[in-house]
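*Asks:* here's a sequence, model it:
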Amino acid sequence: MFKQLILFICLSVLFSLAALAQDKRNEANLLIESGYNKTEAGDISGAILDLSKAIQLDPVNHMAYVNRGYAQMFNNQLSRAIMDYSKAIELEPKSEIALRLRGAANYELGALDQAKRDYTAIIAFEPQNATAYRQRGIIELDQGNFPAALADFEKAVEYNGRDVVALMHRGIAHSELGNLEAALSDLSAAIAQDERLDNAFHNRGIVRTRLGDFDGAMSDFNQSLALNPKNHHAYYGRGNQKLKAREFASAEADFSKAIELSPNTAILYTSRAQAHSSQGNYKAAIEDCNQAISLDKSNPENYYERGYAYDQSGQYAAAEKDYTKALTLTPMNMELAFNRGSVRMYQQKFDLAILDFNRAIELDPNAARPYYGRGCSMAGMGNHEQAIIEYSKAIELDPYFIEAISLRGVSKSDLQQYEAAIVDFDQVVKLDPNNKEALFSRGMLRAYLGEKAAGCADLEKAKALGDDRADRAILDYCQ
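*Replies:* Residues are numbered from 1 along each chain as shown. You can find the predicted model right below:
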């Protein structure tokens, strides 16, 4: 009888404890629901308080940690959110929502590899989870792994054909891989499904730019900005289009607006520097490049643009230094080799200039300008025979290269090959009837060779075009 009484008491206690535990779990579930609702309503402090109480009542309920992590994200406490999600995953390793939200928090913190591991973990036990493929694909895009990104977006679209964001990003991946028609198709399809996607318009504008559709690109950038006036990417894209259209002041305004919206994006300053330089405002261009370099010291474009501004403003030593820095970052760039050769030539460093022009020719044997530069350097050293060979090669590659034809005439004149020089000046005047330098040089040679009427006519025209040397020549040869 005594044993039965003890057993009855133990069972009663156990049932009471079980009931108490169930009561706590029920209360915890109510607090979890309350916390979630408060998060959605914007009462983050109240939500965290409710969810912390839920965890105290039921510390093994992984959804309490998930929801508190979710509230922490709204409060921009990403590290705390990750701690909560990690605890939830410890309790329930196959919690899709905990892994997905931890991936999102890691992404926002810039921990891309950790975020990618979270989405990969989801795919391991849910191999048809379209969202996980899409989010992992976005990370691959950010990391420049474009084939992997495309593969993930293909899966996302396959498993959820209504995922317009995945479709848009598949278009972006195609664009990065140079599949422009496929990119245009995907981005247009995404826009057809949801005309509110400002990023789809912006990226389609980029694709249309690359396809040469200027009007279509401008329309897309304008629409992107109409949908989202704070999309700095669209201002950047539209500004680049305006640069190509030589609308430099308007391009500058777009880049300035983009900088206002995203002041720590280096490429925006570099692009505005291009607009400044195109308007002859080299001081402002240099200032923008300084800012770009302070934000990103690894982009050769920043040094190239500053070097160009120094070059155009006659600060050749500073230009040479910047071109050299850019070449260390991108040594296979023909344009940089040519530009450094040019500023070295202007400083009469002819041997070094020729080395740069040689390098430019190795990088692009079909470019006329490096031969021209090498010809100028040879002429500067007094080697007009070799200069003529270099100019002739430049002209062979570009028969309309007026400067090369004109300077070949000058070198021929210095070698007393006057008739041959006149032939070159004839060609320059044929291509550019108002070329005052060619008219002056031809006039001088004609007058020297006894063709006074023709020579004086050339000199009179050169004078009318503003060649100050022509006045003295007319007094000497035409009176």
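*Asks:* okay, now G178: neighbour count?
*Replies:* Summarising burial for G178: neighbours were counted as other C-beta atoms under 10 Å, giving 10. For every residue, glycine as well, the C-beta is placed using N, CA and C.
*Asks:* quick one: classify it as helix, strand or coil.
*Replies:* Of the three states, G178 takes coil under DSSP: H, G, I helix; E, B strand; the rest coil.
*Asks:* quick check: buried residues in stretch 74-92?
*Replies:* Of the residues in stretch 74-92, those buried by neighbour count under the rule 16 or more other C-beta atoms under 10 Å are 77-78, 80-85, 87-89, 91-92.
*Asks:* just stretch 115-124 next, same as before
*Replies:* Along stretch 115-124, these residues count as buried under the neighbour rule (16+ other C-beta under 10 Å): 115-116, 118-119, 121-123.
*Asks:* let me know the closest of these to Y400.
*Replies:* K116 (52.8 Å; C-beta to C-beta).
*Asks:* list the contacts of that closest one.
*Replies:* Contacts were defined as C-beta atoms under 8 Å, 6 or more residues apart in numbering; by that measure K116 touches 103, 136, 139-140.
*Asks:* where in the stretch 101-250 of the chain is pLDDT low?
*Replies:* Counting by pLDDT under 70, the stretch 101-250 of the chain contains no low-confidence range.
*Asks:* need the helices for it, in chain order.
*Replies:* Assigned by DSSP state H, counting those that start in this stretch, the stretch 101-250 of the chain shows helices spanning 112-125, 130-142, 146-159, 164-176, 180-193, 198-210, 214-227, 232-244, 248-261.
*Asks:* and the fourth one, what does it pack onto?
*Replies:* Think helix 164-176. helix 130-142, helix 146-159, helix 180-193, helix 198-210 (3 or more C-beta pairs under 8 Å, 6 or more residues apart in numbering; DSSP states H and E).
*Asks:* list the contacts of the first one.
*Replies:* Contacting residues not belonging to helix 130-142 are listed as 100, 103-104, 107, 112, 115-116, 119-120, 122-123, 126, 146, 148-153, 155-160, 163, 165-166, 169-170, 172-173, 176 [C-beta under 8 Å, 6+ apart].
*Asks:* 7 Å instead, please
*Replies:* Contacts with helix 130-142, where a contact means C-beta atoms under 7 Å, 6 or more residues apart in numbering, come from 100, 103, 107, 112, 115-116, 119-120, 122-123, 126, 148-149, 152-153, 155-156, 159-160, 163, 165-166, 169, 172-173.
*Asks:* now, of the residues you listed, which are buried?
*Replies:* Taking 16+ other C-beta under 10 Å as the criterion, what is buried in the contacts of helix 130-142 is 100, 103, 107, 112, 115-116, 119, 122-123, 148-149, 152-153, 155-156, 159-160, 163, 165-166, 169, 172-173.
*Asks:* dump the helices and strands packed on helix 164-176 to JSON lines, plus distance to K53.
*Replies:* Putting the helices and strands packed on helix 164-176 into JSON lines (distance: least, C-beta to C-beta, whole Å) gives the following:
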{"stretch": "helix 130-142", "distance to K53": "31"}
{"stretch": "helix 146-159", "distance to K53": "38"}
{"stretch": "helix 180-193", "distance to K53": "43"}
{"stretch": "helix 198-210", "distance to K53": "40"}
